[in-house]
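Peer 1: Using only what follows, build the 3D model:
(one chain, ligands or ions: 1)
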Amino acid sequence: MHYFEYRNDELYAEEVSVNELVREFDTPLYIYSAKTLRRHFRAFDSAFEGIDHLTCYSVKANSNICVLKLLSEMGSGMDIVSGGELFRTLKAGIDPQKIVYSGVGKRENEIREALISNILMFNVESRQELEKIDRIAGEMDTQARISLRINPDVDPKTHPYIATGLQKSKFGLDLEQALESYRLAGDLPHILPIGIDCHIGSQLTSVEPFLEALERIKIFHGHLQEMGLEIKYLDLGGGLGITYDQEAPPHPAEFGQAVRESLKDLDLTLILEPGRVIAGNAGILVTRVLYTKSTPSKNFLIVDAAMNDLLRPSLYGSYHHIAPVEQKNGKTLQTVDVVGPICESGDFLAQGRELPETAQDELLAIFSAGAYGFTMSSQYNSRPRPAEVLVDKDEITLARRKEIYFDLLQLEEQCY
Ligand SMILES: *Cc1c(COP(=O)(O)O)cnc(C)c1O
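Peer 2: Numbering: from 1, shown residues only. Take a look at the predicted model:
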């Protein structure tokens, strides 16, 4: 669901013509819809109405400060995975008591910064991390609130790169190790274990793996109670999928209903870390066709966006719906590869795609690019990153200006 719609065969972002945005901000261009972000946040958050819960949007999905502010105004907390994301959330004015910090490799300075900020809790992923946090908290004469990220060993049935809750994954602790680490956590003077955390993967299209994980967590929670630990929070992570192509993930209301049912006998505050389901379909990437080229085996649309702007197709073989910004009737379909200018054969946005015949200089919209789009971008091939604009009805905010050549060099001053 989103508010990118055609009016008289021309694509609009809410009340604003995409053509008009391109005239002002050039291509490639990321466009986000505020109304879509709000709607998705509300749909997700209200699925847990009536129980104690905190929705902590996963910053890595789309970390533009304008997006963080918008979600924060709706009451969202934040799930961060780095000191840089902590910096962003604090700059966006997020209440630190609504910030949880996940990630397998937290550095000493990052832990210190999070303690200084007095975030709600750390989601700890190893015994050594637990010991490090205890030591730093001790040096700072404070106590760190923590959850341990447990790895319930369930198969989320998603792309292997974004499956995170299997035993072979680098994330979290298996149940046995986790139990040992909770015992240690209970004894460490500067650690306060207050929660259980898990995040089994991303782009899940069924509630079953979540419920399977919850069953294991409930049993595990029983063991912690026997140990005498006062657990107040259950962080179920993120991972609810969206429709890119033909997927039919559960609606957040259905997901919420199933989770609430499973947790009804537990007196815990639920934390959720949705990313993709909030931002994914709230953004598009607009690109211009530079050249069309037919070889004996293929038709190519060579466009001005590339894998450095949107990595998902190259990294995961992901599908993104692509459509012309201006629809024209009576066009025949053509099977094409949509590729970027980068010097890699893996630089494609779609392969073997049926699109209406597209000419040089036409604009294409790449849908579902609001999550893991700009945040995964790079300057590979010395390509300045595109602008990001946020549209709210007819209001346009330049959320991040287009990079200029000088931005490519400014940290190399000593060399020129
Ligand atoms: C990436 C991530 C999320 C968000 O995942 P989505 O699939 O975007 O909802 C939540 N929690 C953690 C720990 C993550 O790493």
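
Peer 1: Please verify my assumption that residue 106 contacts residue 129.
Peer 2: Yes: using Cβ atoms under 8 Å, residue 106 is in contact with residue 129, at 6.2 Å. (C-beta placed from N, C-alpha, C; glycine too.)

Peer 1: Just the element for residue 147, please.
Peer 2: Residue 147 belongs to strand 144-149 when assigned by DSSP states H and E.

Peer 1: Wondering if that strand reaches the ligand at all.
Peer 2: No: shown here: strand 144-149 not in contact with the ligand (Cβ under 6 Å from any ligand atom), separated by at least 7.5 Å.

Peer 1: Check the offset of that strand from the chain's centre.
Peer 2: Distance of strand 144-149 from its chain centroid, counting by Cα atoms, centre = their mean, to the nearest Å, is 22 Å.

Peer 1: What's the separation between residue 114 and residue 183?
Peer 2: The gap separating residue 114 from residue 183 is 24 Å, by Cβ to Cβ, to the nearest Å.

Peer 1: ok, now residue 337?
Peer 2: According to Cβ to Cβ, residue 337 and residue 183 sit 55 Å apart.

Peer 1: Same drill for the two, tell me which one is more crowded.
Peer 2: Using other Cβ atoms under 10 Å, the more surrounded residue of residue 337 and residue 183 is residue 337, with 17 against 13.

Peer 1: Surely the more buried one touches residue 347?
Peer 2: No: if you go by Cβ under 8 Å, residue 337 and residue 347 don't touch, sitting 10.3 Å apart.

Peer 1: Specify the angle between the helix ranked longest in the chain and strand 144-149 in degrees.
Peer 2: Determined from DSSP state H, the single longest helix within the chain is helix 208-226. Helix 208-226 and strand 144-149 are oriented at 130 degrees to each other (axes from the mean of the first three to the mean of the last three Cα atoms, to 10 degrees).

Peer 1: Outside of whichever helix or strand comes after helix 208-226 itself, list whatever touches it.
Peer 2: Later in the chain than helix 208-226, the nearest helix or strand by DSSP H and E is strand 233-235. Strand 233-235 is touched from outside by 56, 100, 121, 123, 147, 194-199, 217, 221, 263, 266, 268-273, with contacts defined as Cβ atoms under 8 Å, 6 or more residues apart in numbering.

Peer 1: same thing with stretch 148-155?
Peer 2: Outside stretch 148-155, the residues that touch it by Cβ under 8 Å, 6+ apart are 102, 123-125, 130, 163, 165-167, 169, 171-175, 178, 181-182, 185, 193, 196-200, 209, 212-213, 216-217, 220.

Peer 1: Need the nearest residue in space to residue 384, chain neighbours excluded.
Peer 2: Leaving out its chain neighbours, the residue that sits closest to residue 384 by Cβ to Cβ, 6 or more residues apart in numbering is residue 403, at 3.5 Å.

Peer 1: typo on my end, residue 243
Peer 2: Among residues not flanking residue 243 along the chain, residue 249 sits closest, at 6.7 Å (Cβ to Cβ, 6+ apart).

Peer 1: now residue 179
Peer 2: Nearest in space to residue 179, with sequence neighbours left out and distances taken as Cβ to Cβ, 6+ apart, is residue 223 at 6.0 Å.

Peer 1: before we move on, what about residue 81?
Peer 2: Distance criterion Cβ to Cβ, 6+ apart; nearest residue to residue 81, sequence neighbours excluded, is residue 103 at 4.1 Å.

Peer 1: Quick one: neighbours of the one you found, just the number.
Peer 2: 21.

Peer 1: pretty sure residue 258 is touching residue 207, no?
Peer 2: Yes: counting by Cβ under 8 Å, residue 258 touches residue 207, with 4.6 Å between them.

Peer 1: Give me the common contacts of the two.
Peer 2: Taking Cβ under 8 Å, 6+ apart as the contact rule, residue 258 and residue 207 both touch residue 250.

Peer 1: Any residue of the one helix or strand residue 131 maps to touching the ligand?
Peer 2: Per DSSP H and E, residue 131 falls inside helix 127-139. No: legend: contact between helix 127-139 and the ligand by Cβ under 6 Å from any ligand atom is lacking; minimum distance shown is 13.9 Å.

Peer 1: mind checking how far that helix is from the chain centre?
Peer 2: For helix 127-139, the distance to the chain centre is 28 Å (Cα atoms, centre = their mean).

Peer 1: tell me which residues of that helix are tucked away?
Peer 2: Residues of helix 127-139 classed as buried under the neighbour-count rule (16 or more other Cβ atoms under 10 Å) are 127, 129-134, 136-137.
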